[in-house]
Every structure is written in C-alpha cells, then in structure tokens.
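Peer 1: Output the structure for:
(2 chains)
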Amino acid sequence: GAVVSQHPSRVICKSGTSVKIECRSLDFQATTMFWYRQFPKQSLMLMATSNEGSKATYEQGVEKDKFLINHASLTLSTLTVTSAHPEDSSFYICSATSRRLEADTQYFGPGTRLTVL
Amino acid sequence: QKEVEQDPGPLSVPEGAIVSLNCTYSNSAFQYFMWYRQYSRKGPELLMYTYSSGNKEDGRFTAQVDKSSKYISLFIRDSQPSDSATYLCAMSVSGGNQFYFGTGTSLTVIP
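Peer 2: Modelled structure (predicted):
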C-alpha cells in the first residue's frame, strides 16, 4: 500500500512553454501533498505544501505564480511550471501523507525529470 | 542551527560490512522518525519509521531512536552492493504537516 505515482517521468520542453506534472496517490486518500525539487547530488528542497481544496503554502523564495499547484482532490495534485526556463531544469518529486495510514510519514512518488532547452 | 543534521559522507564499505548511519536533531518535539533510501534519479523510498524512542528491526535494517540524546541511527547488517544509495533521515512532530529532512548520506557498498 501507500503508492504514489507521478506523470510524466521525464519531460523535455522548449524555453517559454509550460509543463504540468501530475501526482497521484493510488491506494489511499492523501490529506496533504508536498512538492520538492532536487538538484544533482543535493538534498530535497521543499517547494510547497498543499491540502485538498485549499491554496498551497509556498516556501520562502518559491514563486507561486511560476509554480502553480492545484490540489483538486484527495488523490491528485498537479504542479505546473509556467514559462519554463533552463534554470528550472531539475528533478521534481511529490509526496503525500494520510492520517489514516499507520504513521505520520510521507510517501514519495518516483519523480519527474524536467529538462528545459 | 539546522533542525536535522546528517553527515553527507560519502561512505564506502566492503560487501558484508555493518553500516551505521546517523542523524542528530535539535527539536525535542519530534515524535516520528523515518529513514528513506533514494537511488540515483528515483524518488525516496520509505525504509523504516519509528514512533518515539526505541528500536525497530526489519530484516537487515535496524532503526534506533534515542530521544534523550536527540540521536537516531540506521544500521544495515550484511551490506550488499544493492544497498548503495543515498539515505535520508526525516522527522516530524506528531500530527503536524511539517517534516524535516537530513541532507542525506551517500553510501557505496563495494563488492
């Protein structure tokens, strides 16, 4: 149990385009979903936290107009990178938690590698 | 001072060795403690979680929490090359939405 999927796993896009990444909890309802980015050989950097039906809470320094997060249901959250630029190239990972699961812990998706040309 | 401190390594051990990975923390309110394994270009995978103090064992993995010292450990017995990955510790306050991660320790098990 506690499986989180992400789609797509890899995306390459041109500079200036927008990219949408989906995060789904497959076998549980996610109370909260988190979005991280990770640069090579670096740790996870939390970008934002979202609860179903409410606005996401962004970490300091993360542009909310550039990284749009929609948590439309208890099993789906989307991250849209708007007007992507090469510096947005990174590994984006989502995770989810549920109070119904045995412990307060996060379950991570497999990640999405974004390359902006 | 960071909430969670973790030695980034890298750590290199021969196959079959016992590996000890550690994290220290400063917030005494942390109640849930987790260890994740992350292979290159993959999302972190939950390995172990413990609540409050004590030990938990799962196969070759043992997680220990010492709340009095604010110190957690992950032991890997009979390490295998397939254990080569980055190991992240994480912790949270019970019922909260905030999780605090260590920076990760890179482990290589040499055949």
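Peer 1: Give the ranges of residues in the chain that sit below the confidence cut-off.
Peer 2: You didn't say which chain, so I picked chain A. When residues are selected by pLDDT under 70, those of chain A lie in A:1, A:99-104.
Peer 1: wait, chain B
Peer 2: For chain B (pLDDT under 70), the answer is B:1, B:95-97.
Peer 1: Give the bridge partners for the nearest residue to A:K20 once chain neighbours are set aside, please.
Peer 2: Leaving aside its sequence neighbours, A:K20 sits nearest to A:T80 (C-beta to C-beta, 6 or more residues apart in numbering or on different chains; 4.7 Å). Quick note: C-beta positions are derived from backbone N, CA and C, even for glycine. Going by DSSP bridges, A:T80 is paired in beta bridges with A:K20, A:L68.
Peer 1: tell me the contacts of residue 86?
Peer 2: Just so you know, I chose chain A. Contacts of A:P86 were listed using C-beta atoms under 8 Å, 6 or more residues apart in numbering or on different chains, and they are A:S15, A:V116, A:L117.
Peer 1: That was the other one, I meant chain B.
Peer 2: B:T86 neighbours (C-beta under 8 Å, 6+ apart): B:R37, B:Q38, B:Y39, B:S40, B:G104, B:T105, B:S106, B:L107.
Peer 1: Which of the residues you listed ranks first by neighbour count?
Peer 2: B:G104 (25 neighbours; other C-beta atoms under 10 Å in any protein chain shown).
Peer 1: Surely that one is in contact with B:A85?
Peer 2: No - between B:G104 and B:A85 there is no contact under C-beta atoms under 8 Å: 9.3 Å.
Peer 1: Distance of B:Q98 relative to B:A90?
Peer 2: Going from B:Q98 to B:A90 by C-beta to C-beta, to the nearest Å gives 11 Å.
Peer 1: Neighbour count: these two, which is higher?
Peer 2: B:A90 (24 against 12).
Peer 1: Tabulate the CA atom coordinates of whichever strand or helix holds the more buried one in CSV.
Peer 2: Element membership of B:A90 [criterion: DSSP states H and E] is strand B:85-93. Only the C-alpha atoms of strand B:85-93 are listed here, as CSV (Å, rounded to 0.1, in the frame of the first residue of the first chain):
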residue,chain,number,x,y,z
ALA,B,85,22.2,4.7,-2.4
THR,B,86,21.6,7.9,-0.5
TYR,B,87,19.9,7.5,2.8
LEU,B,88,17.8,10.3,4.2
CYS,B,89,16.6,10.7,7.7
ALA,B,90,13.4,12.6,8.4
MET,B,91,11.3,13.5,11.4
SER,B,92,8.1,15.2,12.3
VAL,B,93,6.0,16.4,15.2
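Peer 1: partner strands of that strand, parallel or antiparallel?
Peer 2: In the sheet, strand B:85-93 lines up with strand B:30-38 (antiparallel), strand B:99-101 (antiparallel), strand B:105-110 (antiparallel) (DSSP bridges).
Peer 1: Deepest-packed of those, please.
Peer 2: Of the strands paired with strand B:85-93, the one with the most neighbours on average (mean count of other C-beta atoms under 10 Å in any protein chain shown) is strand B:30-38, at a mean of 23.
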